[in-house]
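Novice: no sequence on this one, just coordinates:
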């Protein structure tokens with residue numbers, strides 16, 4: 001009898017029930033798309049931000065970290081400390097190896113260009129270096145990927161271009177050098193002529209330097225298997241209290257805190273693990289970059305949560321109006337039920353069952369529409385698909401039930417106040 005009444009009520013109010021289902025479907029689709037995007041967007045946002053540079057700087061322990069991090073030039077007479085070039089592959093063997101997107105080493109040497117009075121900093125680096133890792137994997141890394149926002153006239157160098165050089169825009173303009181010019185570069189160890197293959201504009205102090213393949217710079221300095229520093233671009237998790245505590249002193253963590261910190265992609269955890277595999281190294285986050293990434297990710301997440309909440313509030317208000325209108329239209333029917341002995345609880349149960357069944361139908365449709373919206377967002381914004389998160393399903397189910405019940409509260413209040421005598425007498 002109960003289910004017959006439910007079925008009859010649903011068919012008698014097809015229009016309103018379809019509107020309720022549509023309203024719930026809208027809320028469910030927006031919630032599904034925002035939640036899936038929020039849960040799957042972290043790495044994608046980080047990868048987009050990685051296009052704008054490294055977020056970790058690795059230097060020798062005894063080097064002047066302050067000078068290097070803040071871009072102050074070392075002097076020619078400074079005693080140099082180095083990292084080992086043959087340990088660079090170890091960076092891709094740490095626990096968070098797959099979060100290391102790119103990295104490249106730098107070796108600095110001061111050179112005389114065309115017999116200038118003031119020496120110029122020559123920076124040796126990888127441009128597009130192929131590496132066979134100790135794990136058996138292979139990786140291509142270097143400046144072309146790490147600094148892909150640079151504006152380059154001419155061409156990027158390759159690591160085999162031992163007779164070519166790239167000039168910073170400031171240095172080239174100051175000395176009136178152009179593409180194709182030949183420069184005589186000398187140090188105490190050797191003199192060599194290099195051809196200008198590219199001129200770059202980085203918007204930083206690097207525009208005052210000249211860049212060559214790593215081996216060329218090492219040859220000018222008569223050094224082998226050494227680098228001054230390494231820039232690393234890594235996907236990281238925004239810092240929280242645990243990460244900040246660990247950054248100050250990892251030894252202050254409890255065993256449980258240590259396990260959570262070490263196994264989470266905090267920038268401090270990745271820095272610590274890099275130090276473990278690089279001899280006598282200090283890895284420090286480039287704070288302006290790392291903190292900006294965390295802030296952008298947090299604000300993106302907050303925006304999606306707000307959109308989800310607002311869409312659910314809108315759905316609840318729409319359901320409230322539709323259900324209340326439906327109950328008012330059925331006031332005579334409900335009054336008759338009360339008159340023949342039906343309790344408020346049974347009548348409320350009947351109404352809620354109708355609404356929840358309608359909500360389930362709308363929620364299922366909305367969920368699949370939401371999956372489609374998620375993929376549209378993924379391809380339009382990030383250029384790739386966003387995998388559906390299984391945990392979104394129970395969250396959406398709970399949210400649908402919640403907004404359905406909340407939207408039904410005004411109609412339940414009206415139902416409780418309904419006097420069968422007045423209704424049946426047309427008052």
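Specialist: Received, thanks. Keep in mind that this is a model prediction, so the values were computed, not measured. Numbers count the residues shown, from 1 in each chain.
Novice: what bits of the stretch 51-200 of the chain have low per-residue confidence?
Specialist: Flagging of the stretch 51-200 of the chain using pLDDT under 70 yields the residue ranges 51-53, 63-79, 134.
Novice: how about the helices in it?
Specialist: Using DSSP state H, counting those that start in this stretch, the helices assigned to the stretch 51-200 of the chain run over residues 65-69, 143-146, 169-175.
Novice: what's the answer for the stretch 301-427 of the chain, then?
Specialist: So, for the stretch 301-427 of the chain - with DSSP H, counting those that start in this stretch - the helices run 331-339, 344-377, 392-417, 420-424.
Novice: Can you tell me which of those helices is nearest to residue 190?
Specialist: helix 344-377 (55.5 Å; Cβ to Cβ). C-beta: built from backbone N, CA, C; applies to glycine.
Novice: And the closest one, what does it pack against?
Specialist: Applying 3 or more Cβ pairs under 8 Å, 6 or more residues apart in numbering; DSSP states H and E, one finds that helix 344-377 contacts helix 2-12, helix 14-40, helix 287-329, helix 331-339, helix 392-417.
Novice: helices or strands up against the third one?
Specialist: In terms of contacts (3+ Cβ pairs under 8 Å, 6+ apart), helix 287-329 is packed against helix 14-40, helix 42-50, helix 344-377, helix 392-417.
Novice: Mind listing what's buried along the helix or strand where residue 260 lies?
Specialist: Per DSSP states H and E, residue 260 falls inside helix 255-262. Within helix 255-262, the residues scored as buried using 16 or more other Cβ atoms under 10 Å are 258, 260-262.
Novice: And these, which is closest to residue 278?
Specialist: Closest approach between those and residue 278, by Cβ to Cβ: residue 262, at 17.0 Å.
Novice: Next, count neighbours for residue 313.
Specialist: The number of residues packed near residue 313 is 13, by other Cβ atoms under 10 Å.
Novice: again with residue 117
Specialist: Burial of residue 117, expressed as a neighbour count using other Cβ under 10 Å, amounts to 5.
Novice: Ok, residue 33 next?
Specialist: Residue 33 has 28 neighbouring residues, counting by other Cβ under 10 Å.
Novice: All the strands of the stretch 51-200 of the chain, in order from the start?
Specialist: For the stretch 51-200 of the chain, the strands defined by DSSP state E, counting those that start in this stretch cover 56-60, 83-84, 100-113, 120-125, 129-132, 138-141, 151-154, 164-168, 182-186, 191-201.
Novice: how far out from the middle of the chain is the fifth one?
Specialist: Distance of strand 129-132 from its chain centroid, counting by Cα atoms, centre = their mean, to the nearest Å, is 26 Å.
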